[in-house]
Each structure stands twice: as structure tokens, then as C-alpha cells.
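Peer 1: Show me how the following folds:
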Amino acid sequence: MAASDNIPIEFFNVCGNSFYFEIINAFLTKTDLQTDAFRSSSNGSKQCWIQSMDRKYLVLKTSEDFDFQDRNSEERQQSDCTFKIQIYQDTSKNETQPVMLYTKKSENQAMVVCCQNTREVIPKTMDVHIFIPERKINDTGHKALFYWKKISSNMYTFESTVYKGHFLAFEPIEDPSCLMKLTLRSSDEVDDSTKIFVTFQT
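Peer 2: Okay, here's the model as predicted:
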């Protein structure tokens, strides 16, 4: 068997949800084990604002909820409105890039955008020094990882790595309502609500 870059590899073992392989170099000796996994990118994290199509800002409303709000230039400088995108490298060679979205709750804690199920998206508290950025996630998917894909300038879609075919979206809390919440939508429900603006801070 060969990797996508024509490096010979040999199946080694299965552990948990990961398949391990050994790389065989040009001298036919075996090198490090490789697994289907996500590794944090050397590009680090990028600070940004996340907005819905109607330009409302994603905000950590409480420790249990995200929503979208109108924010003026001063209000969007607050920490509850500032998010970071941690980029990961996917060893499965997927065409899209996995990322993690989080905002700082305190010096030592982050609130991460995390899938609860195929519909609900919740903030999950994680220790910054232990998990952000996680050096490696040994799995084929993670509730806090999304594949982002650029649609146009500053516009992206975010597909769940654990619930394939489900995308981050925004929808009214009540109908009709100007209040919006962050949720997941399946591929057969994809519309403008799954197009999310990301503005990187300089």
C-alpha cells in the first residue's frame, strides 16, 4: 500500500477508532507509526468575528448558549464576541481543512463550539493549556472539529467532522424573531443560513 504522496506504508494495528500504519522508507526500513488523526497546524490560531448573513455577530450569551446579536464597533471588541479559529491538519488528506472555533472565557478556560447532536450546538468548557491547541486528536471525527470551506470572500461553510453532512447554521429562536441561535443543518436543508461570514482581526 502507498500513501497519497507515493510513500509505501504498511498496515500495523487498530486501536480505538484509529488505524495505524508504518511508513517504509527508501531503504525498506520501517519508520514512525501514522494514524488517521487531526494535528494542530503550525499556522496556529486566527482571531476573528463570526457573522450570520444578516451581519449579526456570534456571541457567547451564557455558559450554555451561543446566539447572534447586533454589535457596534465598541461592543464587538468584547471577549464574548471574539472567536479564534484553530486550524488542524487532517491525515486523511481530506480536501477541506478541519478547524476548531472557540472563545476565551477566562485566562485558563475556553468555550468551544461543540456539536451536542445532529441539531444542537453548545459551548463546551475546555482547559486552554491542555486542549487549545490540542496537539493531536486520534479519531476520524470530533464534536469540536469542523471542515471549513471557502464559498467566496470572507464566506465559509462549516461541516461537522463527526456528523457528516451536517453544517453549522443560524436560525430564529422563535418564528418570526430577530433573535438567532447557532445550530446544525443537514445537507438536504443547506441554504443561505449555512453560509457564515468570518472576518479576521489584524
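Peer 1: how much space is there between Cys48 and Asn117?
Peer 2: The gap separating Cys48 from Asn117 is 26 Å, by C-beta to C-beta, to the nearest Å. Every residue, glycine included, has its C-beta placed from N, CA and C.
Peer 1: Of those two, which one has the most company?
Peer 2: Higher neighbour count among Cys48 and Asn117: Cys48, with 18 against 11, using other C-beta atoms under 10 Å.
Peer 1: hey, where'd the helices end up in this protein?
Peer 2: For the chain, the helices defined by DSSP state H cover 128-131.
Peer 1: so where's it uncertain?
Peer 2: 1-44, 90-95, 127-139, 175-177 (pLDDT under 70).
Peer 1: domain assignment for it?
Peer 2: Listed by automatic domain parsing, the domain ranges of the chain are 1-35, 38-200.
Peer 1: Next, the distance between the ends of stretch 97-114.
Peer 2: 17 Å (C-alpha to C-alpha, to the nearest Å).
Peer 1: Which positions in it come out as buried?
Peer 2: 97-105, 109-114 (16 or more other C-beta atoms under 10 Å).
Peer 1: just stretch 180-191 next, same as before
Peer 2: Neighbour counts over stretch 180-191 (16+ other C-beta under 10 Å) mark Met180, Lys181, Leu182, Thr183, Leu184, Arg185, Val190 as buried.
Peer 1: Which of those sits closest to Ile196?
Peer 2: Leu182 (9.3 Å; C-beta to C-beta).
Peer 1: List the beta-bridge partners for that closest one.
Peer 2: Phe170 (DSSP bridges).
Peer 1: my read: it touches Gln69, true?
Peer 2: No: taking contacts as C-beta atoms under 8 Å, Leu182 lies outside contact range of Gln69: 11.8 Å.
Peer 1: Would you mind confirming that Met126 makes contact with Val113?
Peer 2: No: contact criterion C-beta under 8 Å: Met126 and Val113 do not qualify, at 11.0 Å.
Peer 1: Nearest residue to Met100 in space, please, no chain neighbours.
Peer 2: Nearest residue to Met100, sequence neighbours excluded (C-beta to C-beta, 6 or more residues apart in numbering): Gln86, at 4.4 Å.
Peer 1: Pairing partners for the one you found in the sheet, please.
Peer 2: Under the criterion used here (DSSP bridges), Gln86 is bridged to Ser45, Met100.
Peer 1: Would you quantify the distance from it to Val113?
Peer 2: Taking C-beta to C-beta, one finds Gln86 at 11 Å from Val113.
Peer 1: what do you get for Thr103?
Peer 2: From Thr103 to Val113 the distance is 9 Å (C-beta to C-beta).
Peer 1: Same check on Lys143?
Peer 2: In this view, Lys143 and Val113 are 9 Å apart by C-beta to C-beta.
Peer 1: ditto for Ile196
Peer 2: Taking C-beta to C-beta, one finds Ile196 at 11 Å from Val113.
Peer 1: Same question for Thr194.
Peer 2: Taken as C-beta to C-beta, the span from Thr194 to Val113 is 14 Å.
Peer 1: and what of Ala144?
Peer 2: 7 Å.
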